[in-house]
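> Prediction below, plus the sequence it came from.
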Amino acid sequence: MYQPRHIFTGLLLFSGLALTLGCNQEKSNASAETQASTAESQTLAESDHRSKVKTVPTHSAETFFLTTSYGGSSFSFDDSKILVNSDQTGVFNAYAYASDGSSVTQLTDSTTNAIFGISYFPKDNRIIYSSDQGGNELNHLYVLEIDGTVVDLTPGEKVKAQWMGWSGDEKSFWVLTNERDAKGFDLYRYNYVGYERELVFKNVDNFSVDDVSRDGKWVALTKARNNADSDIYLWRADTPNNAPQLITAHEGNINHQVATFTPDSTQLMYSTDEFGEFAQIWSYHLETGERKKEIEESWDVMSVSYSKAGNYRVVSVNEDARTSIRITHTTTGERLQLPTLPDSDLRSINFSSEESHISFYLDSDTSPANLFVFNRANQQMKQLTVALNPAIKQEELVAGEVIRYESFDGLNIPAILYRPWPASSENKVPALVWVHGGPGGQSRHGYSATLQHLINHGYAILAVNNRGSSGYGKTFFHLDDRKHGDVDLKDCVYGKKYLQSLDWVDPDQIGIIGGSYGGYMVAAALAFQPEEFDVGIDIFGVTNWSRTLKNIPPWWESIKELLYAEMGDPAEDAERHQAISPLFHADKITKPLLVIQGANDPRVLQAESDELVEAVRKNNVPVEYVLFPDEGHGFRRRENRITASDAYVNFLNKYLKKTAETSP
């Protein structure tokens, strides 16, 4: 799997809060016509729904976060079970769900560090899982043996490891670790039995190691030159003394990313934006070097994968804040049809080994992700999970509407607008501009307990995709390069102006909220546009770019140049970094501020939030600070998500609504 714009789109995104959405400044007429028709239908449906819903009960943060998050869909060797990750206990653990829905077995029982199951072993019921320590992102890979004992495959205090998959003959598996050099990941082959290992590829040039062919002969590598230009290399494992060979020689800025090898190990599928605004998928024949365009859409192709048996190809496309899926037979090209599904995004599609079953998740703004299994033999579909807390009715939740508004220079900015049920011209509500992480992330349709809790308490939300967001063409994506805290911030300010144009929004009660890069935008808004927003909520936000860029985790070495192209090299751009860092302009902040921080955050150090809070308090401005000692860059623990969400609502009630309402 890959992210088509470039790897950096998610570098500063954080778990637990990241919501994604997209936009583009140029759309084809056909696409625009389709969108207009769809938007009109959605508006009519929403209007009809709204006319039927008079009032909804107000729920606590705990009620919303008792909704369960699910992920993972690895089938067991006999297809009888699916490996699922769930936070139903408050901390993510691994579970075995019977494919027929008859039983659920908890496999791990961590009460501290999140555990994420990755894969069943292909011939028995052992599992591979990943876990770090308190959110420090130093993930190790573990085997949970059949007798319940645990083996750490990648021991070491400073080691970070990544799973790379099974070999085609299922006698070994591939793992990346940075134990030799913290800046680069070497490729190891582990034996199926005993876990003896051998070093396969010593990554002395700090490539990004992206995929290994099923026959083990080929390793696909990428090298980023900047955030618009990257290359793909191939290395032959059966000729280890040979250097990686460049296969994407080109001039100018062209972004290439590895998608996957074909099941027969004859071709590499890769992404390129050489031929237009959007990422296409091309194939490269490993022996002949022949290239061929395989997939072209009017949006970015996000991912390509194959069933284990190789008979089906799954393609996901980023279509205007939603994921569109195409499943086709690799020989006939015939589209595989699933039963009629609810109006939701389809994702994480996985075939069982014999292709007799298909597992997938469905989620939407008003329904958290649920796991389904489709039995192709009897054409029966079964829902295995119920994620939404039964104390909340789905019709009480609010679906977002994709809108576009004009920014300061006439550029159309996409966003998702969430309107609370009580909002009307007679009952105007306060509103928030929500800014995603990144830079280069997206806000997309999908369930968020955080957003729904805010909406349920009467806050409208405009999740903006300021220029620089991914998913809507490379031109739009690069419009904010080295212009952060300026043009992207103006897009957020004009999002506020759009909200003020709505007759159901209180124009004098509009705040800004965001996490990671979005948290930076919050602090920047209060420092550089101090009269625009009434309050700000900074969640794990960057406040000092000089320190952040100098202290990037060592395992980001392969994409450091990409990061510097986006934000600037701290050795050369120190003056500009100081100019755009809110910490050095905190004396201008005059509006109430809430800051959320994880003590173990390796990306945005605690010192950044500490210093911002101290500086703003000197202004005699209300500042609230919530520090989590057991979190990193995002939330892994439910109790902390509840605490944070309550803090948002209480802060907003006090300083934006200016009421005495408080959550528990």
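Structure's in. What do you need? Residues are numbered from 1 along each chain as shown.
> what's around the residue nearest to Gln106 when sequence neighbours are not counted, how many residues?
Sequence neighbours aside, Tyr95 is the residue nearest to Gln106 in space, at 5.4 Å (criterion: CB to CB, 6 or more residues apart in numbering). C-beta here means a position set from N, CA and C on the backbone, and glycine is covered the same way. The local packing of Tyr95 (other CB atoms under 10 Å) involves 20 other residues.
> in what helix or strand does Tyr95 lie?
Taking DSSP states H and E as the criterion, Tyr95 maps to strand 93-98.
> do Phe360 as well
strand 357-364.
> just the angle between that strand and strand 93-98, please?
Strand 357-364 runs at 120 degrees relative to strand 93-98, counting by axes from the mean of the first three to the mean of the last three CA atoms, to 10 degrees.
> For strand 357-364, name the packing helices and strands.
strand 70-75, strand 345-351, strand 367-375 (3 or more CB pairs under 8 Å, 6 or more residues apart in numbering; DSSP states H and E).
> for Tyr564, what are its contacts?
Asn226, Leu549, Pro570 (CB atoms under 8 Å, 6 or more residues apart in numbering).
> got TSV for the helices and strands packed on strand 357-364, with distance to Asp506 and mean neighbour count too?
Below are the helices and strands packed on strand 357-364 laid out as TSV (distance: least, CB to CB, whole Å; neighbours: other CB atoms under 10 Å):
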stretch	distance to Asp506	mean neighbour count
strand 70-75	37	22
strand 345-351	32	20
strand 367-375	29	21
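> wait, which of those is closest to Thr659?
Proximity to Thr659, assessed across these by CB to CB, is greatest for strand 367-375 (29.3 Å).
> Tell me the helix or strand right after the closest one.
Next along from strand 367-375, by DSSP H and E: strand 380-383.
> if we can go back for a sec, tell me the buried residues in the strand holding Phe360?
Within strand 357-364, the residues scored as buried using 16 or more other CB atoms under 10 Å are His357, Ile358, Ser359, Phe360, Tyr361, Leu362, Asp363, Ser364.
> who wins for proximity to Asp100 among the helices and strands packed on strand 357-364?
Closest among the helices and strands packed on strand 357-364, once you apply CB to CB, is strand 367-375, at 8.0 Å.
> so how many other residues sit close to Val301?
24.
> So which of the buried residues of strand 357-364 is the closest to Val626?
Comparing the buried residues of strand 357-364 against Val626 with CB to CB places Asp363 closest, at 27.7 Å.
> quick one, what contacts the residue lying closest to that closest one once chain neighbours are set aside?
Leaving aside its sequence neighbours, Asp363 sits nearest to Ala369 (CB to CB, 6+ apart; 3.8 Å). Counting by CB under 8 Å, 6+ apart, Ala369 touches Ser69, Tyr70, Gly71, Arg347, Tyr361, Leu362, Asp363, Ala387, Gly446, Tyr447.
> dump the residue contacts of the second one.
Read it as Tyr70. Counting by CB under 8 Å, 6+ apart, Tyr70 has contacts Val84, Asn85, Ser86, Tyr361, Pro368, Ala369, Asn370, Leu371, Thr385, Ala387.
> Surely the third one and Thr105 touch.
No. At 11.7 Å, Ser86 does not count as touching Thr105 under the criterion of CB atoms under 8 Å.
> Which one's more surrounded, these two?
The neighbour count for Ser86 versus Thr105, taken as other CB under 10 Å, is higher for Ser86 (22 against 10).
> ok so, going back, could you export the contacts of Ala369 to TSV, including columns for pLDDT and distance to Trp555?
Shown next, in TSV, are the contacts of Ala369 (pLDDT from 0 to 100; distance: CB to CB, whole Å):
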residue	pLDDT	distance to Trp555
Ser69	93	25
Tyr70	96	28
Gly71	95	23
Arg347	90	27
Tyr361	96	28
Leu362	95	34
Asp363	93	30
Ala387	96	32
Gly446	93	28
Tyr447	94	31
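> Against which helices or strands is the strand holding Tyr95 packed?
strand 81-86, strand 104-106, strand 115-120.
> Among those strands, which comes closest to Glu290?
Of all the helices and strands packed on strand 93-98, strand 115-120 comes closest under CB to CB, at 32.6 Å.
> ok so, going back, quick one: the strand holding Phe360 to strand 345-351, angle?
Going by the same axes, to 10 degrees, strand 357-364 makes 160 degrees with strand 345-351.
> ok and strand 357-364 relative to strand 367-375, angle-wise?
Going by the same axes, to 10 degrees, strand 357-364 makes 160 degrees with strand 367-375.
> so where's the stretch 201-350 of the chain shaky on pLDDT?
Nowhere does the stretch 201-350 of the chain drop to pLDDT under 70.
> can you do 90?
Low-confidence segments of the stretch 201-350 of the chain, defined by pLDDT under 90: 224-228, 238-242, 321, 337-344.
> for the stretch 501-650 of the chain, same thing?
Using pLDDT under 90, the stretch 501-650 of the chain drops low at 545-574, 600-605, 631-638.
> those strands in it, which residues are they?
Counting by DSSP state E, counting those that start in this stretch, the stretch 501-650 of the chain has strands at residues 505-515, 536-539, 593-598, 623-628.
> I'd like the ones you listed as CSV, with mean neighbour count appended.
Formatted as CSV, the strands of the stretch 501-650 of the chain follow (neighbours: other CB atoms under 10 Å):
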stretch, mean neighbour count
strand 505-515, 24
strand 536-539, 30
strand 593-598, 26
strand 623-628, 18
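> Need the ones you listed in JSON lines (columns: distance to Asn375).
Below are these laid out as JSON lines (distance: least, CB to CB, whole Å):
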{"stretch": "strand 505-515", "distance to Asn375": "40"}
{"stretch": "strand 536-539", "distance to Asn375": "42"}
{"stretch": "strand 593-598", "distance to Asn375": "42"}
{"stretch": "strand 623-628", "distance to Asn375": "43"}
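> returning to that earlier point: with Gly310 as the reference, name the closest of the helices and strands packed on strand 357-364.
So among the helices and strands packed on strand 357-364, strand 345-351 is nearest, using CB to CB, at 9.8 Å.
> centre of the chain versus the strand holding Phe360, how much separation?
Relative to its parent chain, strand 357-364 has a centroid offset of 18 Å by CA atoms, centre = their mean, to the nearest Å.
> how big is the angle separating that strand from strand 81-86?
20 degrees.
> Parallel or antiparallel, list what pairs with strand 357-364.
strand 345-351 (antiparallel), strand 367-375 (antiparallel) (DSSP bridges).
> angle of that strand against strand 70-75?
Going by the same axes, to 10 degrees, strand 357-364 makes 170 degrees with strand 70-75.
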